[in-house]
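[1] From the sequence below, what's the structure:
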Amino acid sequence: MEPRGTNNVTKEAARKFAVAVLEKKLSCKVSSIKYLGGGAFGFVYLAEIDKQPEKLIMKACRTNGMCGREAQSLTLLGKNSIIKIPKVYFTFLASDDIPIDFICMEFIEGTDCFTNRAFLFKSSRKRKEFADKITSAMRVWHETENDKFGLVGNAIYDSWLDYYKPFSEDILLTARKLHKQGRLKESVMDAMERAWSAFDEIFSEPVEKAGLIHGDLNVMNIMADKNLNPTAIIDPLECCWADTEYDLFSLRNMTGERFGLYETYKSKYHVSEKCDLKTSFYALFFEVYCYILAGVETVTIPPVLVKRMNKELKKLSSKPMNK
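    Below you'll find the model as predicted:
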């Protein structure tokens, strides 16, 4: 697995390029453009222009191929979502003059549920209502089915494991290289190796249907108003037709457990017997994958993911193996 790497355009340069793209595509005047945040995969700006819709979002996509996939995913997820998904106005692919891709999207009021720490101290009733709304929205996607598995736009696999096993093996092989280079901790590599050795047992329950998943539904990608009412879900990553439990591990990331997102989903909807085990595997391998994707020099995996994987493997080893 080769890293896609990140574009070396700086945050400030991307801001200027965003203005140029808007003026070119919309024949408008940009009165202001404000940096909202970003990370390994993109820079996000709020732009105000002199025509409708007046406010919009410009996302500078820092990894190759990300722009088109994300725009396609947003459009697909938005078709039948019960929580708002930003509308895509247009995409712009890098040129000689503007060397970075952009997605221009609808602006939706709200703040993300990770950055706004006040959300953590809302009443338990409010947090439960929030979790119920988010999981209900997820379920609508999960019940949207396809006859093949795989990434949106390239769903060509007859079974989930036809897609996922080679993908996760590729992550493992790359992780071994990173470990040899001293870029991946021994504890992470050990947990991955032990999980891989139990792969067939972990994934022994068949996945019968390919459901639509967001791919990265953590609290940072959920927008809400001041009363913790969800206003939008943003930033799908590796959106695909998948085992729908592949969408659940992100619910526990960051401060997700404060809102009980993962446990709420499990209490409302049927999940597999090995859901906790599978999602621990998914979480650990996906986190390593994201570092590979970004091409970062130092891979720093949250210790909780390693601890959770080891805990689930210990429980698995205490049970009789399937024959």
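[2] Spatially, what comes nearest to residue 256 if we skip its sequence neighbours?
    Nearest residue to residue 256, sequence neighbours excluded (CB to CB, 6 or more residues apart in numbering): residue 219, at 5.1 Å. Where you see a C-beta, it was placed from the backbone N, CA and C, and this is true even at glycine.
[3] What of residue 11?
    residue 43 (5.3 Å).
[4] Tell me which residues touch the one you found, please.
    With contact set as CB atoms under 8 Å, 6 or more residues apart in numbering, residue 43 has these partners: 11, 14-15, 35, 59-60, 62.
[5] Those residues in strands, which ones?
    In strands, defined here by DSSP state E, the members of those are 35, 59-60.
[6] mind checking how far residue 145 is from residue 24?
    40 Å (CB to CB, to the nearest Å).
[7] which residues of the stretch 1-150 of the chain fall in strands?
    Per DSSP state E, counting those that start in this stretch, the stretch 1-150 of the chain carries strands over the ranges 30-38, 42-49, 55-61, 88-92, 101-106, 111-112, 145-146, 150-151.
[8] what does whichever helix or strand comes after the last one rub up against?
    Using DSSP states H and E, the helix or strand that follows strand 150-151 towards the C-terminus is helix 160-180. Under the criterion CB under 8 Å, 6+ apart, residues 1, 149-150, 157, 184-186, 188-189, 192-193, 196, 199, 203, 207, 210, 240, 242-243, 246, 281, 285, 288-289, 292, 299 lie in contact with helix 160-180.
[9] pLDDT of stretch 125-140, averaged?
    Throughout stretch 125-140, pLDDT has a mean value of 98.
[10] now swap in stretch 99-111 and tell me
    97.
[11] How about stretch 179-187?
    94.
[12] got the buried residues for it?
    Judged by neighbour count (16 or more other CB atoms under 10 Å), stretch 179-187 contains these buried residues: 179, 184-185.
[13] how far is it from where the chain is centred?
    Going by CA atoms, centre = their mean, to the nearest Å, the spacing between the C-alpha centre of stretch 179-187 and its chain's C-alpha centre is 24 Å.
[14] Same check on stretch 26-40?
    Counting by CA atoms, centre = their mean, stretch 26-40 comes out at 23 Å from the chain centroid.
[15] Residue 100 and residue 7 touch, don't they?
    Yes - counting by CB atoms under 8 Å, residue 100 does reach residue 7; the two are 5.1 Å apart.
[16] who's in contact with the spatially most central residue of the chain?
    In the chain, the residue lying closest to the centroid (CA atoms, centre = their mean) is residue 216, at 1.9 Å. For residue 216, the contact set (CB under 8 Å, 6+ apart) comprises 235-238, 250.
[17] Now the buried members of those.
    235-238, 250.
[18] Closest to residue 271 out of the ones in strands among the contacts of residue 43?
    residue 59 (32.5 Å; CB to CB).
[19] Tell me what that closest one is bridged to.
    Here residue 59 sits in beta bridges with residue 44, residue 103, going by DSSP bridges.
[20] sorry, back to before: please identify every residue contacting each of residue 100 and residue 7.
    60-62, 94.
[21] Tabulate those (JSON lines), appending pLDDT, neighbour count and distance to residue 104.
    Output for the shared contacts of residue 100 and residue 7, formatted as JSON lines (pLDDT from 0 to 100; neighbours: other CB atoms under 10 Å; distance: CB to CB, whole Å):
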{"residue": "60", "pLDDT": "97", "neighbour count": "27", "distance to residue 104": "11"}
{"residue": "61", "pLDDT": "94", "neighbour count": "26", "distance to residue 104": "11"}
{"residue": "62", "pLDDT": "88", "neighbour count": "23", "distance to residue 104": "16"}
{"residue": "94", "pLDDT": "95", "neighbour count": "17", "distance to residue 104": "14"}
